[in-house]
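K.L.:
everything below, folded, please.
(one chain, ligands or ions: 2)
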Amino acid sequence: MRHAHTVGQVRAAEAELMARLPGGTLMQRAAAGLAATCARLLGRVYGSRVLVLAGSGDNGGDALYAAARLAGRGAAVSAILLAPEKAHAGGLAALRAAGGRLTSDLSAFERADLVLDGIVGIGARGGLRPEAQRFARAERRGVVVAVDVPSGVDPDSGEVAGVALRADVTVCFGTYKPGLLIDPGASYAGALQLVDIGLEPPRPAVTVLQHPDLAALLPVPSAESDKYRRGVVGVAAGSARYPGAALLAVAGALRGGAGAVRYVGTAAEEVVRRFPETLVTEGSPAGAGRVQAWVVGPGSGDGAARALQEALAGQVPVLVDADGLTELARLGPTALAGRTAPTVLTPHTGEAARLLAGLGAGDGTGEPAGTGAGQRDGGGSREPAEARLATARRLAEAYGATVLLKGSTTVIATPGGDVRVNPTGTSWLATAGSGDVLSGLAGSLLAAGLGPLDAASAAAYLHGLAGREAARGGAPVTALDVAAALPAAWRTVRSVH
Ligand SMILES: NC(=O)C1=CN([C@@H]2O[C@H](COP(=O)(O)OP(=O)(O)OC[C@H]3O[C@@H](n4cnc5c(N)ncnc54)[C@H](OP(=O)(O)O)[C@@H]3O)[C@@H](O)[C@H]2O)[C@@H](O)CC1
Ligand SMILES: [K+]
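P.N.:
Ligands and ions are numbered 1, 2, ... in the order given. Coordinates of the predicted model:
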């Protein structure tokens, strides 16, 4: 599992560690790790052309010390200082002593085999300054290695105010920063490398699952398992207007590890025709048999209100999506107040705006909460992408539910303040009905016994992998293709041990 910490947490841990170590130790550890990654990327250090962009803080210091190490191994190193009078004195002296030289020639950026971006790190305030902005726009030939954070990316939120330097690799020190894991920041960071500098920060602000975590989380049937012990997931989805949503949610649920899928709703006939293994009832959740988790809302249209009310009245986990979310936004958080079992909400950006409006916060559009029932669009984007982390946290806390906020980086937040970011997303998943597959899948994992954070983040992870698998070779995918590729995604995560 990858752990990310906020700037505040890093600063606190850094202060604690620095108090125990001789001055400059951490920077030397950072520079050594940074230089080692650069050497690996260059292949042959001797004779290579390296350019350092050094700002006025310790981020520039790291870059200058690392560049000095490369110069010591025969690289031709030049440095552009963005604030010459404030450049890190020790780093600069080390670089000079190793044969590095200063330049103000911008074409060095274009010619370099490797550029070290040490303009600004976790001390950044606001967007990149004008003297740094030109590097974000310049042509380049070589590899760009960001020191700790790509300059211009907000380390805590991933926000980019204006422009940022796009890196091929980001070498971060001590811990990952949340902004490297969340778009748009994640798309500027390239591959992530962590250098251990001995930092021991507390509980992470953000975590990211990796294949072995998934392999450990996913349910495995035991010798004693029967379909009921493996969990039954109830799917209340689809309507006369949107029968397809029922099929897609069921398709996802069938590949989520539950022992059986029980469908309730008006599309029962279509569902059983397409997926004969499904148990179907033409009613609503109250009249259906026992389930271990409910999925409510995809394509439910006018039926959403009743299905939601009945599912929430039970004491099993409930995942609310699509029209169920619109209804929940109308009711507000009090609708969940009496629940003892977990609730998972899976909004896209537009639905998140409605849920926020349901708090009485308003979404700035003047649209009253609860409008747009039956809307099957991608959600419009009334919430700025950069505010996603904060939005997910806020909704989770206010609704007392685990919130999976869909987007180019899907973010999952719990009411207790845990946040996971999904690393497997792909833009191919921006296809109609793909969210319905995700909710069926996540509901199935809930029914199989995973907790809400694990179920939601494992579902997002598998869904992303399945999307990539279905789009392999650059082919467009349909939501059913994604569902069909889910078994391959399970095998992929299980094959890595
Ligand atoms: N934490 C750790 O454990 C370790 C941390 N280490 C390293 O230290 C780094 C943090 O160093 P830091 O605190 O000196 O801040 P840093 O990011 O260099 O920037 C501050 C300077 O930049 C400027 N500036 C501000 N905003 C700007 C903007 N938007 N655009 C352009 N410039 C801007 C601002 O200038 P001023 O306002 O003073 O003119 C200020 O002086 C960290 O990322 C890591 O690399 C490692 O050495 C080892 C252990
Ligand atoms: K940087």
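
K.L.:
use CA for all of it now, contacts and neighbours both
P.N.:
Noted.

K.L.:
ok, Gly435 - how many residues close by?
P.N.:
Residues contacting Gly435 under the criterion other C-alpha atoms under 10 Å number 27.

K.L.:
then Ala223?
P.N.:
Neighbour tally, Ala223, other C-alpha under 10 Å: 6.

K.L.:
name the SS class of it, please.
P.N.:
Per DSSP: H, G, I helix; E, B strand; the rest coil, the secondary structure class of Ala223 is coil.

K.L.:
switch to numbering from 30
P.N.:
Renumbered: residue one is now 30, and that last one reads Ala252.

K.L.:
how confident was the prediction at Pro230?
P.N.:
At Pro230, the model reports a pLDDT of 88.

K.L.:
give me the three-state assignment for it.
P.N.:
State at Pro230, reduced to three classes by three-state DSSP: coil.

K.L.:
what about it, distance to Gly152?
P.N.:
Distance of Pro230 to Gly152, given as C-alpha to C-alpha, to the nearest Å: 18 Å.

K.L.:
of these two, who's got more company?
P.N.:
Between Pro230 and Gly152, counting by other C-alpha under 10 Å, Pro230 is the more crowded of the two (20 against 13).

K.L.:
which residues touch the closest residue to that one other than its chain neighbours?
P.N.:
In space, Pro230 comes closest to Ala42 once its chain neighbours are excluded; the distance is 5.2 Å by C-alpha to C-alpha, 6 or more residues apart in numbering. By C-alpha atoms under 8 Å, 6 or more residues apart in numbering, the residues touching Ala42 are 228-231.

K.L.:
just the pLDDT for the residue in the chain sticking out farthest from the centre.
P.N.:
Most distant residue from the mean C-alpha position of the chain: Ala126, 42.8 Å away (C-alpha atoms, centre = their mean). Looking at Ala126, its pLDDT stands at 98.

K.L.:
same deal with Pro397?
P.N.:
Looking at Pro397, its pLDDT reads 36.

K.L.:
before we move on, what about the one 10 residues further on?
P.N.:
For Gly407, the model assigns a pLDDT of 41.

K.L.:
neighbours of the residue of the stretch 180-329 of the chain found nearest ligand 2, just the number please.
P.N.:
Relative to ligand 2, the nearest point of the stretch 180-329 of the chain is Ser180 (4.3 Å; C-alpha to the ion). For Ser180, the neighbour count with other C-alpha under 10 Å is 32.

K.L.:
do you know how far it is from ligand 1?
P.N.:
Using C-alpha to the nearest ligand atom, to the nearest Å, one gets 7 Å for the distance from Ser180 to ligand 1.

K.L.:
go ahead and confirm that residue touches Gly152.
P.N.:
No: in this structure, Ser180 is not within contact of Gly152 by C-alpha atoms under 8 Å, at 10.2 Å.

K.L.:
a strand runs through Tyr85, doesn't it?
P.N.:
If you look again at residue 85, you'll see it is Ser, not Tyr. No: looking at Ser85 with three-state DSSP, it is coil, so not inside a strand.

K.L.:
how much space separates it from Val440?
P.N.:
Going from Ser85 to Val440 by C-alpha to C-alpha gives 33 Å.

K.L.:
which non-adjacent residue is nearest Gly326?
P.N.:
Nearest-residue entry for Gly326: Gly353, 4.0 Å, with adjacent residues in sequence omitted and distances by C-alpha to C-alpha, 6+ apart.

K.L.:
re the thing from before, quick check: mean pLDDT of the strand or helix carrying the residue nearest to Pro230?
P.N.:
Following DSSP states H and E, one finds Ala42 within helix 36-47. Averaging pLDDT along helix 36-47 gives 94.

K.L.:
identify each buried residue in the helix or strand just after it, please.
P.N.:
Scanning forward in sequence from helix 36-47 by DSSP H and E, the next helix or strand is helix 54-71. Under the neighbour-count criterion of 16 or more other C-alpha atoms under 10 Å, helix 54-71 has 55-64, 66-68, 71 buried.

K.L.:
for helix 54-71, which helices and strands make contact with it?
P.N.:
Other helices and strands packing on helix 54-71, by 3 or more C-alpha pairs under 8 Å, 6 or more residues apart in numbering; DSSP states H and E, are helix 87-101, strand 172-176, strand 198-202, strand 220-224.

K.L.:
around ligand 2, pick out the residues from the stretch 230-379 of the chain.
P.N.:
Within reach of ligand 2 by C-alpha under 5 Å from the ion, the stretch 230-379 of the chain has no residues at all.

K.L.:
could you pull out the helices for the stretch 230-379 of the chain?
P.N.:
Assigned by DSSP state H, counting those that start in this stretch, the helices in the stretch 230-379 of the chain fall at 240-246, 272-283, 297-303, 333-342, 351-360, 378-387.

K.L.:
could I get those helices as CSV with mean pLDDT and mean neighbour count?
P.N.:
Shown next, in CSV, are these (pLDDT from 0 to 100; neighbours: other C-alpha atoms under 10 Å):
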stretch, mean pLDDT, mean neighbour count
helix 240-246, 95, 17
helix 272-283, 97, 28
helix 297-303, 95, 17
helix 333-342, 97, 22
helix 351-360, 97, 27
helix 378-387, 94, 26
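
K.L.:
could I get the ones you listed as a markdown table with distance to Pro207?
P.N.:
Shown next, in a markdown table, are the helices of the stretch 230-379 of the chain (distance: least, C-alpha to C-alpha, whole Å):
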| stretch | distance to Pro207 |
| --- | --- |
| helix 240-246 | 19 |
| helix 272-283 | 29 |
| helix 297-303 | 41 |
| helix 333-342 | 33 |
| helix 351-360 | 27 |
| helix 378-387 | 20 |
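
K.L.:
what residues does the chain put near ligand 1?
P.N.:
By the rule C-alpha under 6 Å from any ligand atom, the part of the chain lying against ligand 1 is 39-40, 43, 55-56, 59, 84-89, 91, 149-158, 176-177.

K.L.:
look at the nearest residue to Ala220 once chain neighbours are set aside and say how many residues are nearby.
P.N.:
If the residues on either side of it in the chain are set aside, Ala220 comes closest to Val198, at 4.6 Å by C-alpha to C-alpha, 6+ apart. Val198 has 24 neighbours, counted by other C-alpha under 10 Å.

K.L.:
mind listing what Val198 touches?
P.N.:
If you count contacts by C-alpha under 8 Å, 6+ apart, Val198 has them with 173-175, 218-222.

K.L.:
from the residues you listed, list just the buried residues.
P.N.:
Buried members of the contacts of Val198, counted by 16+ other C-alpha under 10 Å: 173-175, 218-219, 221-222.

K.L.:
and this structure, what are its domains?
P.N.:
Per the record, the chain has its domains at 31-236, 240-524, by automatic domain parsing.

K.L.:
where among those domains is the average confidence lowest?
P.N.:
Among these, domain 240-524 has the lowest mean pLDDT, at a mean of 89.

K.L.:
neighbours of the closest residue to Pro233 other than its chain neighbours, how many?
P.N.:
Nearest non-adjacent residue to Pro233, counting by C-alpha to C-alpha, 6+ apart: His34, 5.1 Å away. With neighbours defined by other C-alpha under 10 Å, the count for His34 comes to 23.

K.L.:
same check, this time on the one 3 residues further on
P.N.:
For Gly37, the neighbour count with other C-alpha under 10 Å is 11.
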